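*Asks:* quick one: sequence plus predicted model below, questions after.
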Amino acid sequence: MTDAGIYVHVPFCLTRCGYCDFNAYAGMDHAMPRYLRTLLAEASLAAPAWREERVVSVFLGGGTPTTMAPADLRSLLVHIQDLYSVDPSAEVTTEANPDTVDRRSLEALLSAGFDRLSMGAQSFDPAVLRELERVHSPDSVRRAFGAARDAGYMNVNLDLIYGAHGERAESWERTLLETIALAPEHISAYALTVEPATPLGRRIAAGEVPEPDPDLQADMFALACELLRDAGYRHYEVSNWAKPGYECRHNLGYWERRPYLGLGAGAHSYRDNARWWNVRPPEDYMNTVERGDLPIGGSESLQPEDAYLEEVFLRLRTLEGIPASWIDDDRALPFLANGLLEEDFGNLVPTERGMLLLNELVLALAGN
C-alpha cells in the first residue's frame, strides 16, 4: 500500500483576518451542521478510489476547525477511520485558534484521537496582532498553550508570521524568545505575503500601508534560524522547525509528493502526477455533494518536465534535498562554491541562505 494523507477543510472562522486568502468565512456558524453532514457524505463518495492507500496522516485545517464542537470533530474522524485504511500510528492534527479552545475541549479532542495540535499564535506583540487583525491576545496564546499541556498534549505546533507593517527585528526577537520559552515541539514561521484580493492587498494598493520589506524579512528569517537552532530545533523545511522526531508527517507528505486526498470546500488532492480540487464556495460544495456527486471543480495532469521541476522545488524545501546525480556538475558547482548549496551524503541540500533564494535556485538548477 502507498502512504497517503487526508486533508479536511473546515472554512469557519471567528473573524476574517485582513491578510488571509484562505477559503475561510466568518458568520457562518449556522451552516456547521449541514457542512459536517456534507463532509461525511463526501468522505463516503471518495473512499472507494482510495482503497490501496495507507493513510499515515489526517489534518484538519481551515479556517478554524475548533469552531466546531469536539463531538462533531470526533464523529468526522471516526467516519474517516471507518472508511479508509488509517494506520494505527497515524499523525492526526487539528488547527486551532487560541480563543476557540480550553482545557475541557482539548481533553475531548485528544481523547477523540487528535494527538497533534497546531495553534495560530502569529506574534506575542499586541501591536503586530492588531496589524494582522487577529482577535486573540498574547495572553490567549499562553493560556491556550497551558491548557493544551494540562489536557495532555505532547505534540504542539505554534504558527508565527513575521514582517507585518510596523514590526521591527526587536519585536520579532521577543516573539521568538517567548515561543521558545513555551517549548512547543514544532514551530512554523512564515514571512507575511500579500495577496491582491485581500483587505491587506487593497490597503497596500491604495497606499495606506507599505508592502513588507523583503530585506527586513530576510533578517528576521536569519534571526529565527539562529535562535531556534540554538534552542535545539531542527530546521527541516524552509518555514518549519521541530524538535527531533516531531517533524510534521502530514506536511512532509506534500513535500515528498505522496498522495493526498482533500475533503471539504476548495480542498486539493494529488495522486500519480494528477491534481484536482473541490469547488470553492461552501454553498456550491454542499449542493454538489448533496446531489450525490463528487464536488470536483477542476483538475490538471502534470507533464513529465513539470513534475520534475515540481519535485526538485519541493525536495529542495527540505533538509533531504535532491540526489546530486539529478543535476549536472557545471550547474551545481557555482551554488556549492557560493554557499547556497551543500552536499550531504550524495544529496544537494540548500543552506539557510539558499532557502531565501529558493525559486531562483530551482530555476537555475533544473530549468531549461
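*Replies:* Arrived safely.
*Asks:* how far does the helix or strand Asp87 falls within sit from the chain's center?
*Replies:* Assigned by DSSP states H and E, Asp87 belongs to strand 85-96. On the basis of C-alpha atoms, centre = their mean, to the nearest Å, strand 85-96 sits 15 Å off its chain's mean C-alpha point.
*Asks:* that strand packs against which elements?
*Replies:* On a contact count with 3 or more C-beta pairs under 8 Å, 6 or more residues apart in numbering; DSSP states H and E, strand 85-96 meets strand 53-62, helix 70-83, strand 116-122, helix 249-255. In short, each C-beta sits where N, CA and C put it, glycine included.
*Asks:* test my guess that Leu356 contacts Asp219.
*Replies:* No. Contact criterion C-beta atoms under 8 Å: Leu356 and Asp219 do not qualify, at 10.4 Å.
*Asks:* give me the common contacts of these two.
*Replies:* Between them, Leu356 and Asp219 share no contacting residue under C-beta atoms under 8 Å, 6 or more residues apart in numbering.
*Asks:* which strands and helices sit next to the helix or strand in which Val362 is found?
*Replies:* In this assignment (DSSP H and E), Val362 forms part of helix 358-366. Here helix 358-366 touches helix 304-315, helix 329-337, strand 347-350, going by 3+ C-beta pairs under 8 Å, 6+ apart.
*Asks:* mean neighbour count, those: which tops it?
*Replies:* Of the helices and strands packed on helix 358-366, the one with the most neighbours on average (mean count of other C-beta atoms under 10 Å) is strand 347-350, at a mean of 21.
*Asks:* mind listing what's buried along the helix or strand that that one is followed by?
*Replies:* Going down the chain from strand 347-350, the next helix or strand is helix 352-356, by DSSP H and E. In terms of neighbour count (16 or more other C-beta atoms under 10 Å), helix 352-356 has its buried residues at 352-356.
*Asks:* average pLDDT across helix 352-356?
*Replies:* The pLDDT scores in helix 352-356 average 93.
*Asks:* other SSEs contacting that helix?
*Replies:* helix 214-230.
*Asks:* and the contacts of the helix it packs on?
*Replies:* 162-163, 169, 172-173, 176-177, 180, 187, 189, 191-192, 235, 241, 352, 355-356.
*Asks:* mind giving me the packing neighbours of the following helix or strand past it?
*Replies:* Using DSSP H and E, the helix or strand that follows helix 214-230 in sequence is strand 234-237. When contacts are defined as 3+ C-beta pairs under 8 Å, 6+ apart, strand 234-237 packs onto helix 214-230, strand 240-242, helix 249-255.
*Asks:* quick one: pLDDT of the most centrally placed residue in the chain?
*Replies:* Centroid-nearest residue in the chain, with C-alpha atoms, centre = their mean: Asn251, separated by 6.8 Å. With respect to pLDDT, Asn251 has a value of 96.
*Asks:* can you verify my assumption that it contacts Glu237?
*Replies:* Yes. Between Asn251 and Glu237 a contact is recorded at 7.2 Å, counting by C-beta under 8 Å.
*Asks:* mean neighbour count, the helices and strands packed on strand 85-96: which tops it?
*Replies:* Neighbour counts averaged per stretch over the helices and strands packed on strand 85-96 are highest for strand 116-122, at a mean of 25; criterion: mean count of other C-beta under 10 Å.
*Asks:* any idea of the mean pLDDT for the next helix or strand after it?
*Replies:* Using DSSP H and E, the next helix or strand after strand 116-122 towards the C-terminus is helix 126-131. Averaging pLDDT along helix 126-131 yields 94.
*Asks:* mind saving the C-alpha coords of helix 126-131 as CSV?
*Replies:* Backbone C-alpha positions of helix 126-131 (Å, rounded to 0.1, in the frame of the first residue of the first chain) are rendered in CSV as follows:
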residue,chain,number,x,y,z
PRO,A,126,-0.1,43.1,20.7
ALA,A,127,0.6,45.8,18.0
VAL,A,128,1.6,43.2,15.5
LEU,A,129,-1.5,41.2,16.2
ARG,A,130,-3.7,44.3,15.7
GLU,A,131,-1.9,45.0,12.4
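*Asks:* domain ranges for the protein?
*Replies:* Domain assignment for the chain, taken from automatic domain parsing, gives 2-255, 315-366.
*Asks:* which one of those has the poorest average confidence?
*Replies:* domain 315-366 (a mean of 93).
*Asks:* roughly how far is that domain from the heart of the chain?
*Replies:* For domain 315-366, the distance to the chain centre is 24 Å (C-alpha atoms, centre = their mean).
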